[in-house]
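Peer 1: test case, fold it:
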Amino acid sequence: MSSESSTGPDGGAHPAPGLGEWAAAALVFGSSAAVLVVELVALRLLAPYLGLTLETNTIVIGIALTAIAVGSWAGGRAADVVDPRRTLAPLLAVSGAVVALTPVAVRATGATGDGALLLPAAAATIFVPGALLSAVTPMVTKLRLSSLDETGTVVGRLSGIGTAGAIVGTVVTGFVLVSTVPVSGILVGLGVLLVVAALAVGWGVRRARGVLVPALVVVAGGLVLPVAPGGCDVETTYHCAQLEPDPENPDATLLVLDGVRNSSVEADPEALDFAYVRAVAGVLDTFRPPGEPLSAYHLGAGALSVPRYLAATRPGTTSVVSEVDPGVVRIDAERLDLDPEGVEVRVEDGRLGLREQPSGVHDVVVGDAFGGVSVPWHLTTREALLDVRRTLADDGVYVANLIDHGPLDFARAEVRTLSTVFDEVALAATPAALAGQEGGNLVVLASDAPLDLDAWSEALEARDTGWAVATGDELARWTGDAVLLTDEFAPTDQLLTPYPTG
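Peer 2: Just a heads-up that it's a prediction; the model follows:
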């Protein structure tokens with residue numbers, strides 16, 4: 001026990017609380033780091049149910065900041081009323097229990113498909129530990145104040161330590177934990193650390209008994225987690241990935257990323273189950289004489305459906321693929337055993353990879369990069385599309401997969417943006433989508449050379465897509481006064497309607 005004295009509300013001295021400088025720094029640093037770990041991991045945990053969009057980020061950040069504000073204010077008030085030595089251990093212990101139960105709570109709620117239940121559950125599992133952990137700093141500050149003459153020094157030092165903890169928590173989570181430890185493991189592990197810290201603090205002030213129940217809750221969370229619904233087969237840097245049998249095709253395996261069916265994989269690379277892939281293949285079949293090898297560049301890997309198809313139907317084709325998620329690349333190679341000839345997969349951001357491509361060399365560029373159902377915004381802009389055109393040969397084509405629903409504002413904006421870059425633009429989709437009655441996948445085709453749209457339409461019919469092609473005035477009417485997407489202004493998340501609105 002320290003022999004310092006601290007100042008009470010009446011300005012008089014009272015016995016020191018028994019919290020040394022290093023212990024105080026560790027508590028503030030660790031609790032601040034834990035808040036940021038919870039915030040960042042919550043984004044990953046919610047992505048399969050809400051999508052990895054700007055709105056999801058905004059919700060999580062808003063809840064976390066609210067928790068920090070409420071916890072700091074309430075913790076400061078409580079420190080003036082209750083001896084902080086009695087409250088620090090329970091704050092840490094209850095936080096640990098809630099954090100450890102978060103994966104089970106969110107996944108069980110998300111599995112119901114009821115967004116009205118998911119958001120409150122997610123908010124509680126972020127807000128409760130965030131607020132309790134944020135209350136630690138003002139309480140520790142109260143314990144460390146021994147004289148009004150050093151108030152500024154103590155508050156400033158602990159504030160700086162808390163900020164340093166938040167920075168470390170952010171960096172370690174983003175660069176180390178997420179890429180090496182499953183999300184559920186991060187949260188259960190953090191819960192264990194918080195309960196251990198609570199035991200240490202409680203032991204120091206002879207109040208460790210109250211930590212027993214939260215400790216049991218953490219253990220229960222770890223035991224229940226393996227049977228909780230909604231788990232991932234592989235947690236990659238960017239996705240919750242699952243490999244599932246295709247209920248519509250016993251010969252196929254589905255690659256599901258964040259709850260969205262990304263690819264259907266069969267042993268035969270020419271067996272294309274998804275209509276949009278058949279629409280892309282229709283472009284590739286009619287673009288050049290059959291069997292002629294191409295130079296292709298692909299934005300997004302998925303399960304390499306299009307590169308595999310090109311390798312099988314046009315031997316000698318060279319395909320360069322930019323895929324930002326190394327976990328997806330590992331799944332393709334190790335879990336799906338995909339290694340098509342002539343395909344080079346590079347782990348890199350698509351926009352940066354595109355910038356590195358030489359000018360005028362590619363016959364085709366395929367855009368099929370998604371975060372959930374959203375094309376990364378920086379691949380949708382006029383500037384990005386100008387770079388696509390730069391890499392294409394004079395008669396090269398750009399073909400891209402889009403997903404949108406509702407009023408199709410994002411798809412219309414992307415088509416309008418393409419029309420400002422390329423001389424020829426065409427869109428293939430279901431007749432209902434072209435009539436504005438439904439959404440889903442749409443495939444857009446663009447080139448500076450004339451497009452053989454009759455051949456593409458015949459290929460769509462032959463492949464039983466049920467899709468139609470729009471171009472010229474019809475496409476201009478469909479696009480209307482859509483937004484032009486630029487690096488300066490690209491509200492793709494706001495324009496996109498991820499799921500049917502009806």
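
Peer 1: the spatially closest residue to residue 440 that is not a sequence neighbour and residue 234: what is the separation?
Peer 2: Of all residues not flanking residue 440 in the chain, residue 433 sits nearest, at 6.3 Å (CB to CB, 6 or more residues apart in numbering). C-beta here means a position set from N, CA and C on the backbone, and glycine is covered the same way. From residue 433 across to residue 234, the span is 32 Å (CB to CB, to the nearest Å).

Peer 1: likewise for residue 426?
Peer 2: Distance, residue 426 to residue 234, using CB to CB: 37 Å.

Peer 1: so between those two, which is more surrounded?
Peer 2: The neighbour comparison of residue 426 against residue 234 (other CB atoms under 10 Å) goes to residue 426, with 24 against 17.

Peer 1: end-to-end on stretch 254-268?
Peer 2: In stretch 254-268, first residue to last residue: 14 Å (CA to CA, to the nearest Å).

Peer 1: so how far is that stretch from its chain's centroid?
Peer 2: Using CA atoms, centre = their mean, to the nearest Å, the mean C-alpha position of stretch 254-268 is found 18 Å from that of the whole chain.

Peer 1: could you check the pLDDT of residue 5?
Peer 2: pLDDT for residue 5: 41.

Peer 1: same thing with residue 438?
Peer 2: For residue 438, pLDDT reads 87.

Peer 1: domain assignment for the chain?
Peer 2: Here the domain parsing of the chain from automatic domain parsing is 5-231, 240-495.

Peer 1: mean pLDDT lowest for which of these?
Peer 2: domain 5-231 (a mean of 81).

Peer 1: mind listing the strands for the stretch 201-350 of the chain?
Peer 2: Assigned by DSSP state E, counting those that start in this stretch, the stretch 201-350 of the chain shows strands spanning 234-235, 240-246, 249-257, 260-265, 295-299, 318-323, 343-347.

Peer 1: the shortest one: partners in the sheet, and parallel or antiparallel?
Peer 2: This points to strand 234-235. In the sheet, strand 234-235 lines up against strand 240-246 (antiparallel) (DSSP bridges).

Peer 1: repeat that for the last one.
Peer 2: Strand 343-347 has its sheet partners listed here by DSSP bridges as strand 318-323 (parallel).

Peer 1: residue 265: what's it in contact with?
Peer 2: Counting by CB atoms under 8 Å, 6 or more residues apart in numbering, residue 265 touches 252, 253, 254, 255, 303, 305, 336, 338.

Peer 1: can you pick the most crowded of those residues?
Peer 2: residue 305 leads those on contacts (other CB under 10 Å) with 28 neighbours.

Peer 1: so how far is stretch 348-358 from its chain's centroid?
Peer 2: 21 Å.

Peer 1: for it, buried residues please.
Peer 2: 348, 349, 350, 351, 353, 354, 357 (16 or more other CB atoms under 10 Å).

Peer 1: what's next to it, contact-wise?
Peer 2: In contact with stretch 348-358 (CB under 8 Å, 6+ apart) are residues 297, 299-300, 320, 322-324, 346, 369, 376, 378-379, 384, 387-388, 391.

Peer 1: among those, which one sits closest to residue 144?
Peer 2: Closest approach between the contacts of stretch 348-358 and residue 144, by CB to CB: residue 324, at 44.6 Å.

Peer 1: need phi/psi at that closest one.
Peer 2: With angles defined as degrees, to the nearest 10, residue 324 sits at phi -80, psi -20.

Peer 1: about what we covered before: with distance to residue 20 added, can I get the contacts of residue 265 in TSV?
Peer 2: Converted to TSV, the contacts of residue 265 look like this (distance: CB to CB, whole Å):
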residue	distance to residue 20
252	62
253	57
254	56
255	53
303	56
305	60
336	55
338	57
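
Peer 1: ok, so of the residues you listed, who is nearest residue 88?
Peer 2: Nearest to residue 88 among those, with distances taken as CB to CB, is residue 255, at 46.4 Å.

Peer 1: do you know how far that closest one is from residue 324?
Peer 2: Between residue 255 and residue 324 the distance is 16 Å, computed by CB to CB.

Peer 1: over to residue 31?
Peer 2: Taken as CB to CB, the span from residue 31 to residue 324 is 33 Å.

Peer 1: so which of the two has more stuff around it?
Peer 2: When residue 31 and residue 324 are compared for neighbours, residue 31 comes out ahead with 29 against 22, by other CB under 10 Å.

Peer 1: what helices or strands is the host helix or strand of the more buried one leaning on?
Peer 2: Assigned by DSSP states H and E, residue 31 belongs to helix 21-50. Applying 3 or more CB pairs under 8 Å, 6 or more residues apart in numbering; DSSP states H and E, we find helix 21-50 packed against helix 54-79, helix 84-110, helix 115-134, helix 136-144, helix 151-172, helix 178-180, helix 183-204, strand 240-246.

Peer 1: format those as TSV; extra columns: distance to residue 401 and mean neighbour count.
Peer 2: As requested, the helices and strands packed on helix 21-50 are exported to TSV (distance: least, CB to CB, whole Å; neighbours: other CB atoms under 10 Å):
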stretch	distance to residue 401	mean neighbour count
helix 54-79	21	17
helix 84-110	26	24
helix 115-134	26	21
helix 136-144	48	25
helix 151-172	33	16
helix 178-180	27	15
helix 183-204	28	22
strand 240-246	19	17
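
Peer 1: residue 399: which of those is closest?
Peer 2: Closest to residue 399 of those is strand 240-246 (CB to CB; 24.1 Å).

Peer 1: before we move on, back to that, how about the helices and strands packed on helix 21-50 in CSV, adding distance to residue 46?
Peer 2: Shown next, in CSV, are the helices and strands packed on helix 21-50 (distance: least, CB to CB, whole Å):
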stretch, distance to residue 46
helix 54-79, 6
helix 84-110, 7
helix 115-134, 6
helix 136-144, 25
helix 151-172, 18
helix 178-180, 14
helix 183-204, 10
strand 240-246, 10
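
Peer 1: looking at those, which is closest to residue 487?
Peer 2: Nearest of the helices and strands packed on helix 21-50 to residue 487, taken as CB to CB: helix 54-79 at 15.7 Å.

Peer 1: I'd like the next helix or strand past the lengthiest strand in the chain.
Peer 2: For the chain, the longest strand by residue count, based on DSSP state E, is strand 392-404. Moving toward the C-terminus from strand 392-404, the next helix or strand (DSSP H and E) is helix 409-419.

Peer 1: so residue 188 versus residue 175, what's the distance?
Peer 2: Separation of residue 188 from residue 175 (CB to CB) stands at 21 Å.

Peer 1: hmm, residue 91 is touching residue 135, no?
Peer 2: Yes: contact criterion CB atoms under 8 Å: residue 91 and residue 135 qualify, at 5.8 Å.

Peer 1: sorry, back to before: next, the angle from the helix holding residue 31 to strand 240-246.
Peer 2: 30 degrees (axes from the mean of the first three to the mean of the last three CA atoms, to 10 degrees).

Peer 1: buried ones in helix 21-50?
Peer 2: For helix 21-50, burial by neighbour count (16+ other CB under 10 Å) applies to 23-50.

Peer 1: look up phi and psi at residue 483.
Peer 2: Note on residue 483: its backbone torsions stand at phi -70, psi 140 [degrees, to the nearest 10].

Peer 1: contacting residues around the closest residue to it other than its chain neighbours?
Peer 2: Of all residues not flanking residue 483 in the chain, residue 413 sits nearest, at 4.4 Å (CB to CB, 6+ apart). Residues in contact with residue 413, defined by CB under 8 Å, 6+ apart, are 380, 482, 483, 484, 485, 492, 495.
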